[in-house]
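Undergrad: A structural model of the following input is requested.
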Amino acid sequence: MKAISTFPLRLPRSIKAAVEKVSKQDGTSMNQFVATTVAEKLAVMDAEQFFKARQSRADLKKFDAIMKRKSGLPPRAGDEA
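TA: Numbers count the residues shown, from 1 in each chain. Just a heads-up that it's a prediction; the model follows:
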């Protein structure tokens, strides 16, 4: 882990109470819960940007051609839908 810094965080009482409750149920400290939650949010935002970039390069005509091809194996039992 890289150097750790402190950051004073002000939360509304209701949010602080919810964080205390959930972190206690999770068996973590409030600090660890908040840090993990922020990291998860950043990961979601990074993934969103990744998929937006991929989407801009998509060729839907090629996709449709691949999906309509006649080759390949039939679906396994239970995968028909």
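
Undergrad: pLDDT (mean, whole number) over the helix or strand hosting Glu20?
TA: Using DSSP states H and E, Glu20 maps to helix 13-26. Regarding helix 13-26, the rounded mean pLDDT is 96.

Undergrad: do stretch 65-81 as well
TA: Averaged over stretch 65-81, pLDDT sits at 81.

Undergrad: Pull the distance from it to the chain's centre.
TA: Using Cα atoms, centre = their mean, to the nearest Å, the distance from the centre of stretch 65-81 to the centre of the chain it belongs to is 29 Å.

Undergrad: same check, this time on stretch 39-46
TA: Put simply, stretch 39-46 sits 6 Å off its chain's centre (Cα atoms, centre = their mean).

Undergrad: Can you tell me what sits against it?
TA: By Cβ atoms under 8 Å, 6 or more residues apart in numbering, no residue outside stretch 39-46 reaches it. In short, each C-beta sits where N, CA and C put it, glycine included.

Undergrad: Go through this protein and flag its longest helix.
TA: Longest helix of the chain, by residue count under DSSP state H: helix 30-56.

Undergrad: continuing past that helix, what's the next helix or strand?
TA: Next along the chain after helix 30-56, taking DSSP H and E as the criterion, comes helix 60-68.

Undergrad: gap between the residue positioned nearest the centre of the chain and Phe50?
TA: Centre of the chain computed as the mean C-alpha position; nearest residue by Cα atoms, centre = their mean is Val44, 3.8 Å away. Shown here: Val44 relative to Phe50, a distance of 11 Å by Cβ to Cβ, to the nearest Å.

Undergrad: What of Pro12?
TA: According to Cβ to Cβ, Pro12 and Phe50 sit 32 Å apart.
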